[in-house]
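> Attaching a predicted model along with its sequence, questions to come.
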Amino acid sequence: MSARTLTGLGLAALALVMLAWLPSQLDAYGVGLLLGMTGYVTLATAWALFSGPTRYISLATVAFFGIGAYTVAVLSEAMPYPMVLITAALVGGAVALVVGLATLRLAGVYFVIFSFGLAELVRQLVTWYEVNVTGTLGRYIFLPITAQQIYWQLLALCALTFLIGWLIARSRLGLALRVIGDDEAVAAHTGINIAGAKLALFVISATLITLVGAIQAPRWTYVEPAMVFNPTTSFLTVIMALLGGAHRLWGPILGAIPLFLLFEWLSANFPNHYAIILGLLFITIVFLVPKGVLALVESAFARRRRLQ
Amino acid sequence: MLLTALISGLVLGGTYALVAMGLTLQYGISRIMNLAYGEFVIFAAFCAFVLFTAYGISPLVGMLLVLPAAFVVGYVLYGVMMQPLVKRSGKTGALDVDAILATFGLMFVVQGVMLVTFGANYTSYSYMNFGVNILGASIAANRLLAFVLAVVIGGALYMVLARTRWGTAIRAVAVAPEAAPLVGINVNHMARLAFALGMVLAAAGGIMISMYQTFNASMGVVFAMKALIIVIMGGQGNLLGALVAGLMLGLVETFVATYIDPGLTLAATYAIFLAVLLWRPSGLFGKGGRA
């Protein structure tokens, strides 16, 4: 390992310790805010793990998020908590595998549309199952977990997501994905197993997203399908990752933090016009910063270096 | 019961087919994958509702007002929002993704405006709400009227595209966008017209839906999803494909709702969608190639 990587890892570890210590200095509202922010940073980063290099726009985030949350709601009293999380991850990964096998060989737009409706489909199936088989729609989650503990779990998951992203970027899989993103035909001719690479990444990304849902679930004491499969979560994730820049590991965090704070402020102050503002923001981002903030910063730096 | 299900399935499918035809014009010819499409369908439904309840204008007359307005909205929208994206993307293929993201934002804006204006409640009005007897099965007159309208409007559109010079030019753009300018077709202008025409069909579909069904401000997404699925199943830019796939979807939904469980209609829709795509990745009537 080079000295630079070691310094980077050291700084990351230091930042992690600081972030873990932060809640002790905040009130309940501050901890809630920090928790939500960490959740969205993880979602946006995990989303970009798959969608950044492959350029497949997935709108299925909340399908996996909801699967995670619902698994916890169903199993929270049946087995110990760590087992619940592992089961949630396995369920999310298995669903991603099935969905990926069925849809990843479909080209761009077809995939977008299928993923667009996936959450709706899962929601309908869960609702149907609950109404017809178990006979109840909502479920209660009684787990003795504080907001601070949820935050720590999310922080650990966030760190894990970055670690996985960093490892993938340095591996053969990462290289293969970048070639696929640039030109699928070239990738196929150089002997890259396109379907396999995409599938692997889709499953990894979806499993991480499932875990975010599972960890956040105890925040709600009452869960029903319409709540946990709320499509706005998918949209926010996409817009955050795009604003930051989905082509780099550190990009999504640049979009997730400011947008999360902005959305919090908007939903508190303009609850009725929230959707309109969200939509206008989306359009603005597509028109003004199509490649993300990080790309703007990078090109500005490159220009300065050329001038010197 | 079988006959009733069959007829209501065809009626529902007729509306779906008409709505999907508009989307296939927009996607097949203007190359814009319009995710806000369903919002415009619902917006037109609200327009018909307001005209009927506040001014006593019947939906049939209301169409004469709403459809031209929809054309103008589509024409302006394409010029203001889509054209810059088309120019920016050039031949890089970035348009697909850009259009999806931009119309996605548009979806929220239109939905938000409707929520603020009309609220989140389900809305409906009573128009021609009496039964008509067809071969022993009773069907509401408003459903039947909606079906007739879908057939008339869809048929008129098909005739225009198949028989007129202007329609030939539009089809030429759908088939060979690179070659069309060589024979003097203004591709940009045709794309704009096709987009506006798609909006007219969305509005027509919305008014029909408002005649026989309750609707609310956040239902657009479901209509957009169904229209997208029909477009893809039929093969993009293929009007006949949209017609067949639309009728098919209407029938399947009605049969699943009647004989299995109304809660599983969307799951059934998806099942067919996936089956068709895995069997024929470019749609039932698609020519392959550009996927």
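Nice, thanks for sending it over. Numbers count the residues shown, from 1 in each chain, chains lettered A, B, ... in the order given.
> the strands in chain B, which residues?
In chain B, the segments counted as strands under DSSP state E are B:131-134, B:137-140.
> name the helices or strands packed onto the last one?
Packing partners of strand B:137-140 (3 or more CB pairs under 8 Å, 6 or more residues apart in numbering or on different chains; DSSP states H and E): helix B:2-28, strand B:131-134. Every C-beta, even on glycine, is put in place using the N, C-alpha and C of the backbone.
> what do you get for the first one?
Based on contacts counted as 3+ CB pairs under 8 Å, 6+ apart, the elements that strand B:131-134 packs against are strand B:137-140, helix B:141-163.
> Need the pLDDT of residue 264.
Let's take chain A. Reported pLDDT at residue A:264 in the predicted model: 87.
> think we crossed wires, I meant chain B
The per-residue pLDDT reported for residue B:264 equals 81.
> Now the closest residue to residue A:22 other than its chain neighbours. Its backbone dihedrals?
Taking CB to CB, 6 or more residues apart in numbering or on different chains as the measure, residue A:22 lies nearest to residue A:34, with 6.5 Å between them; neighbours along the chain are not counted. When read as degrees, to the nearest 10, the backbone of residue A:34 gives phi -60, psi -40.
> wait, residue A:34 sits on residue A:28?
No: judged on CB atoms under 8 Å, residue A:34 makes no contact with residue A:28 at a distance of 10.8 Å.
> which of the two has more neighbours?
For residue A:34 and residue A:28, the more surrounded residue by other CB atoms under 10 Å in any protein chain shown is residue A:34, and the numbers stand at 19 against 11.
> And the contacts of stretch A:238-249?
Counting by CB atoms under 8 Å, 6 or more residues apart in numbering or on different chains, the neighbours of stretch A:238-249 from elsewhere in the structure are A:40, A:43-45, A:47-48, A:51-53, A:57, A:59, A:61, A:162, A:165-166, A:169, A:250-256, A:258-260, A:278, A:281-282, A:285-286, A:289, A:291-295, B:101.
> can you rerun that using 6 Å?
Outside of stretch A:238-249, the residues within contact range by CB atoms under 6 Å, 6 or more residues apart in numbering or on different chains are A:44, A:47-48, A:51-52, A:165, A:251-252, A:254-256, A:259, A:282, A:285, A:292-295.
> So which of the residues you listed are in strands?
Checked against DSSP E, those include nothing in strands.
> Could you tell me the end-to-end distance of stretch A:98-112?
Using CA to CA, to the nearest Å, one end of stretch A:98-112 lies 16 Å from the other.
> Average pLDDT for it, rounded please.
When the per-residue pLDDT values of stretch A:98-112 are averaged, the result is 76.
> Kindly report the same for stretch B:207-218.
The predicted confidence, averaged over stretch B:207-218, sits at 88.
> same deal with stretch A:187-195?
For stretch A:187-195, the mean pLDDT works out to 79.
> ditto for stretch B:49-59
Mean per-residue pLDDT for stretch B:49-59: 89.
> Count the residues that sit near residue A:69.
For residue A:69, the tally of surrounding residues (other CB under 10 Å) stands at 28.
> again with the one 5 residues further on
Each residue near residue A:74 was counted by other CB under 10 Å, and the total is 19.
> cool, the one 5 residues further on as well?
Burial of residue A:79 is recorded as 11 neighbouring residues (other CB under 10 Å).
> Point me to the helix or strand that includes it.
Secondary structure from DSSP states H and E places residue A:79 outside every helix and strand.
> where's it relative to chain B, distance?
Distance, residue A:79 to chain B, using CB to the nearest CB, to the nearest Å: 29 Å.
> Not counting sequence-adjacent ones, nearest residue to that residue?
The spatially closest residue to residue A:79, leaving aside those adjacent along the chain, is residue A:87, at 7.4 Å (CB to CB, 6+ apart).
> looking at this, the one you found is in a helix?
Yes: assessed by DSSP: H, G, I helix; E, B strand; the rest coil, residue A:87 belongs to a helix.
> Could you list the contact residues of the stretch 1-150 of chain A toward chain B?
With CB under 6 Å from any CB of the partner chain as the criterion, the stretch 1-150 of chain A meets chain B at residues A:57, A:102, A:107-109, A:112-113, A:117, A:121, A:124-125, A:128.
> before we move on, back to that, how many residues are close by the residue nearest to residue A:79?
Other residues near residue A:87 come to 17 when the count uses other CB under 10 Å.
> same question, residue B:184
Considering only other CB under 10 Å, residue B:184 is surrounded by 7 other residues.
> Could you list the residues of the stretch 101-250 of chain B in contact with chain A?
With the criterion set to CB under 6 Å from any CB, the stretch 101-250 of chain B comes near chain A through B:101-102, B:105, B:108-109, B:111-112, B:116, B:225, B:228.
> Below-threshold pLDDT in the stretch 1-150 of chain A: ranges please.
Counting by pLDDT under 70, the stretch 1-150 of chain A has low-confidence residues at A:1, A:105-108.
> in it, which spans are helices?
According to DSSP state H, counting those that start in this stretch, the stretch 1-150 of chain A carries its helices in the segments A:3-21, A:28-54, A:61-75, A:81-103, A:108-129, A:147-170.
> Repeat that for the stretch 201-308 of chain A.
Assigned by DSSP H, counting those that start in this stretch, the helices in the stretch 201-308 of chain A fall at A:225-228, A:232-244, A:251-269, A:274-288, A:293-307.
> ditto for chain B
Along chain B, the stretches classed as helices by DSSP state H are B:2-28, B:37-55, B:59-77, B:83-89, B:95-118, B:141-163, B:165-175, B:187-212, B:220-234, B:239-255, B:265-279.
> right, and the ones you listed - which one's nearest residue A:303?
For the helices of chain B, distance to residue A:303 was read as CB to CB. The smallest value, 20.8 Å, belongs to helix B:83-89.
> does chain A sit close to that closest one?
No: using CB under 6 Å from any CB, no contact is recorded between helix B:83-89 and chain A, whose separation bottoms out at 7.2 Å.
> Is it possible to get a markdown table of the helices of chain B that adds distance to residue A:193?
Conversion of the helices of chain B to a markdown table gives the following (distance: least, CB to CB, whole Å):
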| stretch | distance to residue A:193 |
| --- | --- |
| helix B:2-28 | 31 |
| helix B:37-55 | 36 |
| helix B:59-77 | 42 |
| helix B:83-89 | 29 |
| helix B:95-118 | 24 |
| helix B:141-163 | 43 |
| helix B:165-175 | 35 |
| helix B:187-212 | 38 |
| helix B:220-234 | 26 |
| helix B:239-255 | 33 |
| helix B:265-279 | 20 |
